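J.: no FASTA, just this:
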């Protein structure tokens, strides 16, 4: 038995009547997780499920504070109690050893398997993992289906807990007593990603991403699995202001990463998404030297640090999605001069953000990886957006597993299988050697590895802004207020906000007011934040552009001051590099008025607030979505503000301290 530091969580680990290893958890004296199984199915021996005896246990505790080089907050406290439980299997079941390490925080729990060196098991071939979570109280869940064709790029479902099927994590729940839970994993290294499959009632069991090699995971012993995590809070803020997964990752392995600067950027991107330009070469090619220089001029004039250019390299002609064998990551197209563009950007004080779309072909990408990263370093490119556009199971990987049949052969893998987890870490490690930050799209999920590899700065991993270009209200107004409490719990997201025109392809409307586009910069965190619209549309909104230019991408503190899952989220964030605060966020389809308390401000100071809010009658449903109102007023610590949020609306406030 073990408890969290404040005693509110009590963990019990034992064996049941079937000699299965089980764990359970209570919160404030009430059952939260009923006895839940632990173990593995293997492909080449007796399963690690039954026959266990508890043969020993060790306890430890820690209380330390560490500093992030960038993030939602500068300092993170790691305060936990630990229990390591040792199990031995009887001889009839195989006689293996299995340790399970639990860490209990006041706001959550994590556990992982540690398989020690042992005579009975040298290499483990895992068919699946059997970590169970038997949730006791009833409640509501927000989730996306796991292992589906479009990966995690889905609209979130809201159902009773017993209506969930197989789901990606984070899986978020609100229980009937107001307790909030978020199930996820931490430190996903050389292992397959975990999904949760509802078995019956409210009992969930882990299942791993498949592999072409047969076993979903193959590892030599000794090794430790990723952590299985549960964030626990008394309200929505309790799971949002929660650093559980970060604390379960190893410290920084990169060292000094001062060469990465959090920034806002623009891009030659939205025009391709809308269909105005093409990635492929031809008369409508987006990534030309001329257009790049025009965008660099705009970036320099308006205070943007970077420019993303997609389609600059050879290989985009033809059907590249899922077929990336033709991509070159060092050869530009005939109408794009990489040296000229990077030299021009340098003179203007702007950097290029590189782009490597693989079409899901990592066999081709890994062959060029070192040369591609070296080229970017040579040209002064400090960050790269990578892409893996292929349907689920459509990754083309070199057959370097144990079942190699012929040299040069490839296999088809899942985006979050063990082979792709290995690949992403290889990319990040290579990039770090060349002082490059990485922002993958169609990625493996974020599991807090940005602590260990702080050049892993953002990811996609959910439906981003691009879906708004392809169909009216494709992302409904509740999408972003749901992301805050689901996908964003795993880490920074490159959502690409800032569509000030509120229009996609063929004038299709976004489910957003103009104020919401500004509120996205406070609701959705990333240390690289895009202003995604065409530059002429950004220029047509000078007051909104001024806010985007000013809002930081790096914070000293972040607090959710008002929010409900899937409904609304209002944050207060303090700039890491000044005394300014910013307040804002996003709303769903229901208009509402919120009473915001400004208790976070420094005592004795007066702050001048520049407020961007939904205009009179604004709603995402009509042309009134463009209505925005501005207000200037002063605030002191303890003051309150009545914020009126339109349907599909938002809010953004800049608070500058006076003397």
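T.: Now that the structure is in, tell me what you want to look at. Bear in mind the structure is a predicted one, so any value in this text is a computation, not a measurement.

J.: and the most centrally placed residue in the chain, what does it touch?
T.: Nearest to the geometric centre of the chain sits residue 491, at 3.8 Å (CA atoms, centre = their mean). If you count contacts by CB atoms under 8 Å, 6 or more residues apart in numbering, residue 491 has them with 245, 446, 447, 448, 450, 458, 459. (C-beta placed from N, C-alpha, C; glycine too.)

J.: okay, it: pLDDT?
T.: What the model reports as pLDDT for residue 491 is 98.

J.: Assign a three-state SS to it, would you?
T.: Here residue 491 is recorded as coil under DSSP: H, G, I helix; E, B strand; the rest coil.

J.: need the strands for the stretch 351-500 of the chain, in chain order.
T.: 351-357, 383-387, 395-398, 410-413, 437-441 (DSSP state E, counting those that start in this stretch).

J.: Pipe those strands into JSON lines and attach mean pLDDT per row.
T.: Putting these into JSON lines (pLDDT from 0 to 100) gives the following:
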{"stretch": "strand 351-357", "mean pLDDT": "98"}
{"stretch": "strand 383-387", "mean pLDDT": "98"}
{"stretch": "strand 395-398", "mean pLDDT": "96"}
{"stretch": "strand 410-413", "mean pLDDT": "95"}
{"stretch": "strand 437-441", "mean pLDDT": "98"}
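
J.: For residue 8, which of these is the nearest?
T.: strand 437-441 (36.9 Å; CB to CB).

J.: coming back round to it: against residue 521, how distant is the residue nearest to the centre of the chain?
T.: Residue 491 sits 17 Å away from residue 521, taking CB to CB, to the nearest Å as the criterion.

J.: Please apply the same query to residue 82.
T.: In terms of CB to CB, residue 82 sits 38 Å off from residue 521.

J.: how about residue 347, phi and psi?
T.: phi -60, psi -30 (degrees, to the nearest 10).

J.: How many residues are close by it?
T.: 10 (other CB atoms under 10 Å).

J.: Can you check the pLDDT for it?
T.: On pLDDT, residue 347 comes in at 98.

J.: Tell me how far it lies from residue 308.
T.: 19 Å.

J.: Please name the bridge partners of the residue nearest to residue 103 when sequence neighbours are not counted.
T.: Distances taken as CB to CB, 6 or more residues apart in numbering put residue 80 closest to residue 103, at 4.6 Å, once the chain neighbours are dropped. Note on residue 80: beta-bridge partners by DSSP bridges are residue 62.

J.: Would you mind confirming that residue 80 makes contact with residue 247?
T.: Yes - assessed by CB atoms under 8 Å, residue 80 is found in contact with residue 247 at 7.2 Å.

J.: residues shared between the contacts of these two?
T.: Joint contacts of residue 80 and residue 247 (CB under 8 Å, 6+ apart) are residue 105.

J.: burial measure for residue 336, as a count.
T.: By other CB under 10 Å, neighbour count at residue 336 equals 22.

J.: pretty sure it contacts residue 290?
T.: No - contact criterion CB under 8 Å: residue 336 and residue 290 do not qualify, at 9.5 Å.

J.: Distance check, residue 519 against residue 549.
T.: Residue 519 is 16 Å from residue 549, by CB to CB.

J.: Please identify which of those two sits among more neighbours.
T.: Neighbour count, other CB under 10 Å: between residue 519 and residue 549, residue 519 has more, with 32 against 13.

J.: Residue 217 - nearest residue in space that isn't next to it in sequence?
T.: residue 126 (4.1 Å).

J.: again, but for residue 591
T.: residue 647 (4.9 Å).

J.: now do residue 364
T.: residue 325 (5.2 Å).

J.: and if you look at residue 575?
T.: Spatial nearest neighbour of residue 575, chain neighbours left out: residue 552 (4.6 Å); criterion: CB to CB, 6+ apart.

J.: What's the end-to-end length of stretch 114-131?
T.: 14 Å (CA to CA, to the nearest Å).

J.: which residues are contacting it?
T.: 36-45, 49, 84, 94-101, 111, 194, 205-208, 214-225, 228.

J.: Can you report how many residues neighbour residue 6?
T.: Other residues close to residue 6 by other CB under 10 Å number 11.

J.: And the pLDDT for the residue nearest to it when sequence neighbours are not counted?
T.: The shortest distance from residue 6 to any non-neighbouring residue, by CB to CB, 6+ apart, is to residue 106 (4.7 Å). You'll see residue 106 listed with a pLDDT of 98.

J.: pretty sure residue 106 is in contact with residue 77, am I right?
T.: No - under the criterion of CB under 8 Å, residue 106 makes no contact with residue 77, lying 10.0 Å away.

J.: State the distance from the residue nearest to residue 217 to residue 482.
T.: Residue 126 is 32 Å from residue 482, by CB to CB.
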